[in-house]
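Asker: everything below, folded, please.
(one chain, ligands or ions: 1)
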Amino acid sequence: MFDADLDAAARRFLAADVASFTTPGHGRNPEVADAFLALDLPLATGVDDLRETQGILPQAETRAAAAWGADRCRFVLNGSTQGNQAMVLGATRPGDTVIVSRTVHKSLFAALVLGGLQPVFVRPELDPATGLPGGMAPERVAAALAGAPAATAVILTEPSYVGVLSDVAAIARLCHDRGVPLLVDGAWGAHLGFHPGLPAHALAQGADAVVVSTHKTLPAFTQSALLLTRDGLLDARRMADAFELLHTTSPAAAIYASIDRARALMEEHGRCLLDRTLAQASRLRAALDAIDDVKLITPDAPGVAALDSTKVVICLDGAGADGFAVEADLVAAGVHLEMADRSLLLPLLHVGVSDRWLDRLLAVLGPSIERHRGTPRAPRTSVAFTAAPESAMAPRDAFFAAHERVPAARAAGRVAAETVTPYPPGIPALAPGEVITAEVIAALQRERAEGSKIAYCSDPSLATLVVVSH
Ligand SMILES: Cc1ncc(COP(=O)(O)O)c(C=O)c1O
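Answerer: Just a heads-up that it's a prediction; the model follows:
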């Protein structure tokens with residue numbers, strides 16, 4: 001079915017009668033491993049040997065590099081999280097200044113800690129119609145580069161969580177004029193490049209490195225991702241070292257094989273699959289257009305060079321409906337969304353969505369929004385998208401400094417020692433080194449009271465926050 005050697009090797013290994021005196025500890029012996037565990041097989045001593053053998057894993061990575069137009073590719077097993085961190089560690093050195101979009105995922109804030117980097121944050125302008133972040137205007141990156149002449153990398157998220165692409169080509173040119181690599185978290189854009197109706201992915205637009213989550217929009221196992229790089233401004237040896245630094249020594253061959261299958265599937269049938277996804281997105285948009293006061297992000301939002309038109313983020317503030325109430329109706333009908341908060345709903349149109357599922361979503365969505373319609377609210381999105389805290393310390397210094405826990409009511413003015421993140425989308429409202437303000441605390445508390453999860457901090461109730469000791 002698939003031209004994917006890793007997949008074939010995994011099947012051969014599973015079909016063989018092997019007395020497994022190796023990890024994993026179940027050995028796929030039916031006495032202890034049911035069907036659930038039977039697919040768990042190691043790469044080393046199983047499907048292939050580790051990378052040093054130059055076996056089938058590097059070949060699969062080379063095929064993926066070619067499919068995405070990269071010079072190199074590594075298969076990542078701990079998500080775009082690990083891919084992002086390897087990308088940043090491979091391109092920078094401790095103490096470097098880097099230009100970073102403030103709306104990056106928490107994995108990149110962690111990369112700042114791991115790498116001992118000093119961020120200069122840039123922010124996309126907000127779209128007044130939806131309250132969502134638009135694209136990153138190249139002028140903002142140019143100004144940041146001019147203000148930080150020693151910067152050694154620019155780090156952006158393209159496409160953004162809400163499906164917006166900035167003018168990546170222009171930003172890449174700005175970076176390259178200064179000899180600085182453009183590093184891109186493309187976690188949500190693994191499907192870009194496989195259909196002419198979709199915008200080019202960041203690597204094709206000139207970025208030097210891109211990380212994509214093959215498990216988000218493509219049909220690969222959860223946790224799978226790709227680190228795709230171009231030689232030139234990046235040192236391939238350092239990138240490989242950074243990757244190995246963070247990589248497990250017990251890779252799961254099933255995850256690897258699923259990446260190789262997803263690559264093969266997209267090369268062979270991606271256009272056809274994405275024809276369907278794009279048609280589904282059009283149907284969903286048309287249905288939403290017919291509902292008064294529901295807003296979607298449009299190409300004329302600030303800084304937007306292109307939209308990933310498979311991404312449909314539904315803004316409910318104008319209709320006054322509570323997104324959590326609509327989500328509850330959908331869940332009752334067996335429909336699960338990628339994200340919901342009071343203002344937004346995000347049904348992710350990945351390549352696995354069937355038309356039957358879309359019918360089910362559409363049957364409930366419109367009537368539910370009408371049922372929960374209320375007083376219109378001004379567009380207001382998560383503090384994750386709007387936070388603009390002042391940086392007081394390098395993230396790494398704040399992370400490792402002496403800490404104390406203080407009541408939230410006394411935290412304003414203190415320097416955060418932890419990340420506080422409404423989830424999804426996983427963009428921190430507060431990160432180590434940033435000055436906590438009363439406004440940020442109030443916004444986080446309001447979102448929590450409305451039903452949003454506050455994640456990755458030590459006290460999700462937000463009664464207390466961990467701050468750098470005086
Ligand atoms: C923009 C962005 N980057 C990176 C990640 C991390 O991806 P993963 O879950 O594959 O580690 C996420 C997760 O949602 C994300 O939204």
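
Asker: what residue is smack in the middle of the chain?
Answerer: Central residue of the chain (CA atoms, centre = their mean): Ala187, 3.9 Å from the mean position.

Asker: correct me if wrong: that one contacts Thr214.
Answerer: No - between Ala187 and Thr214 there is no contact under CB atoms under 8 Å: 9.8 Å. Yep, even glycine has a C-beta here, placed from its N, CA and C like the rest.

Asker: which neighbours do those two share?
Answerer: Ala225 (CB atoms under 8 Å, 6 or more residues apart in numbering).

Asker: gap between Leu165 and Ala86?
Answerer: For Leu165, the distance to Ala86 equals 23 Å [CB to CB, to the nearest Å].

Asker: how about stretch 161-181, does it reach the ligand?
Answerer: Yes - applying CB under 6 Å from any ligand atom, one finds stretch 161-181 touching the ligand at Tyr161.

Asker: list the contacts of the residue in the stretch 351-470 of the chain that the ligand sits nearest to.
Answerer: Using CB to the nearest ligand atom, the closest approach of the stretch 351-470 of the chain to the ligand is made by Gly426 at 4.8 Å. Residues near Gly426 by CB under 8 Å, 6+ apart: 105-107, 384, 455-456.

Asker: identify the farthest-apart pair in these.
Answerer: Spatially, the most separated pair among these is Ser107 and Ala384, at 14.0 Å (CB to CB).

Asker: neighbour-wise, which of these two wins?
Answerer: Neighbour count, other CB atoms under 10 Å: between Ser107 and Ala384, Ala384 has more, with 28 against 20.

Asker: please, which helix or strand holds the more buried one?
Answerer: Per DSSP states H and E: Ala384 is located in helix 383-386.

Asker: against which helices or strands is that helix packed?
Answerer: Under the contact definition 3 or more CB pairs under 8 Å, 6 or more residues apart in numbering; DSSP states H and E, helix 383-386 sits against strand 421-423, helix 438-450.

Asker: average pLDDT across it?
Answerer: Mean pLDDT, helix 383-386: 87.

Asker: and whichever strand or helix holds Val466 with helix 438-450, angle?
Answerer: Using DSSP H and E, Val466 sits in strand 464-468. Strand 464-468 runs at 150 degrees relative to helix 438-450, counting by axes from the mean of the first three to the mean of the last three CA atoms, to 10 degrees.

Asker: pull the residues that contact strand 464-468.
Answerer: With CB under 8 Å, 6+ apart as the contact definition, strand 464-468 has outside contacts at 393, 398, 401-408, 411, 414-418, 420, 430, 436, 441, 457-459.

Asker: coming back round to it: inside helices: which ones of the contacts of Gly426?
Answerer: Judged by DSSP state H, the contacts of Gly426 include 106-107, 384 as members of helices.

Asker: in the stretch 251-400 of the chain, which residue sits nearest the ligand?
Answerer: Proximity of the stretch 251-400 of the chain to the ligand (CB to the nearest ligand atom) peaks at Glu338, 9.1 Å away.

Asker: check what pLDDT that residue gets.
Answerer: pLDDT, read off for Glu338, is 96.

Asker: with Leu227 instead?
Answerer: 98.

Asker: what strand or helix carries it?
Answerer: Using DSSP H and E, Leu227 sits in strand 225-229.

Asker: can you list the strands that that strand pairs with?
Answerer: strand 72-76 (antiparallel), strand 209-212 (antiparallel) (DSSP bridges).

Asker: CA atoms only for it, dumped as CSV, please.
Answerer: Extracted in CSV, the C-alpha atoms of strand 225-229 (Å, rounded to 0.1, in the frame of the first residue of the first chain):
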residue,chain,number,x,y,z
ALA,A,225,7.5,15.2,14.0
LEU,A,226,10.2,16.2,11.5
LEU,A,227,13.2,18.5,11.9
LEU,A,228,13.9,19.8,8.4
THR,A,229,17.0,21.9,7.7
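
Asker: check which element follows that strand along the chain.
Answerer: Note on strand 225-229: by DSSP H and E, the next helix or strand toward the C-terminus is helix 236-246.

Asker: export that following helix as CSV, just CAs?
Answerer: Only the C-alpha atoms of helix 236-246 are listed here, as CSV (Å, rounded to 0.1, in the frame of the first residue of the first chain):
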residue,chain,number,x,y,z
ALA,A,236,24.9,20.5,10.0
ARG,A,237,27.2,18.9,12.5
ARG,A,238,26.0,21.2,15.4
MET,A,239,22.4,20.5,14.4
ALA,A,240,23.0,16.8,14.5
ASP,A,241,24.7,17.1,17.9
ALA,A,242,21.8,19.1,19.2
PHE,A,243,19.3,16.5,17.9
GLU,A,244,21.2,13.6,19.5
LEU,A,245,21.5,15.6,22.8
LEU,A,246,17.7,15.5,23.2
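
Asker: Val98 looks like it's in a strand, true?
Answerer: Yes - assessed by DSSP: H, G, I helix; E, B strand; the rest coil, Val98 belongs to a strand.

Asker: tell me what it is bridged to.
Answerer: Pro119, Ala153.

Asker: quick check: it vs the ligand, distance?
Answerer: Here Val98 is placed at a distance of 16 Å from the ligand (CB to the nearest ligand atom, to the nearest Å).

Asker: ok, that residue to Ala225 distance?
Answerer: Distance of Val98 to Ala225, computed by CB to CB: 21 Å.

Asker: who has more neighbours, the two?
Answerer: For Val98 versus Ala225, neighbours defined as other CB under 10 Å are more numerous around Ala225 (28 against 25).

Asker: what sits against the more buried one?
Answerer: Counting by CB under 8 Å, 6+ apart, Ala225 touches 75-80, 82-83, 187, 211-215.

Asker: on the pLDDT front, check whatever residue of the stretch 201-350 of the chain ends up closest to the ligand for me.
Answerer: Of all residues in the stretch 201-350 of the chain, Ser213 sits closest to the ligand, at 3.9 Å by CB to the nearest ligand atom. In this model, Ser213 is scored at 98, pLDDT.

Asker: how about Gly46?
Answerer: You'll see Gly46 listed with a pLDDT of 68.

Asker: again, but for Ala319
Answerer: The model's pLDDT for Ala319 equals 98.

Asker: right, and it touches Ile291 too?
Answerer: Yes - counting by CB under 8 Å, Ala319 touches Ile291, with 6.9 Å between them.

Asker: these two: which is more packed in?
Answerer: The residue with more neighbours, out of Ala319 and Ile291, is Ala319; 22 against 18, by other CB under 10 Å.

Asker: look up how far Arg342 lies from that one.
Answerer: The gap separating Ala319 from Arg342 is 12 Å, by CB to CB.

Asker: shared neighbours, Ala319 and Ile291?
Answerer: Ile369.

Asker: how far does stretch 174-186 stretch from one end to the other?
Answerer: In stretch 174-186, first residue to last residue: 19 Å (CA to CA, to the nearest Å).

Asker: distance from the chain centre to that stretch, please.
Answerer: Distance of stretch 174-186 from the chain centroid (CA atoms, centre = their mean, to the nearest Å) equals 19 Å.

Asker: which other residues reach that stretch?
Answerer: Outside stretch 174-186, the residues touching it (CB under 8 Å, 6+ apart) are 80, 84, 87-88, 91, 104-105, 107-108, 138, 141-142, 145, 151-159, 168, 171-172, 192, 201-203, 206-212, 233-234.
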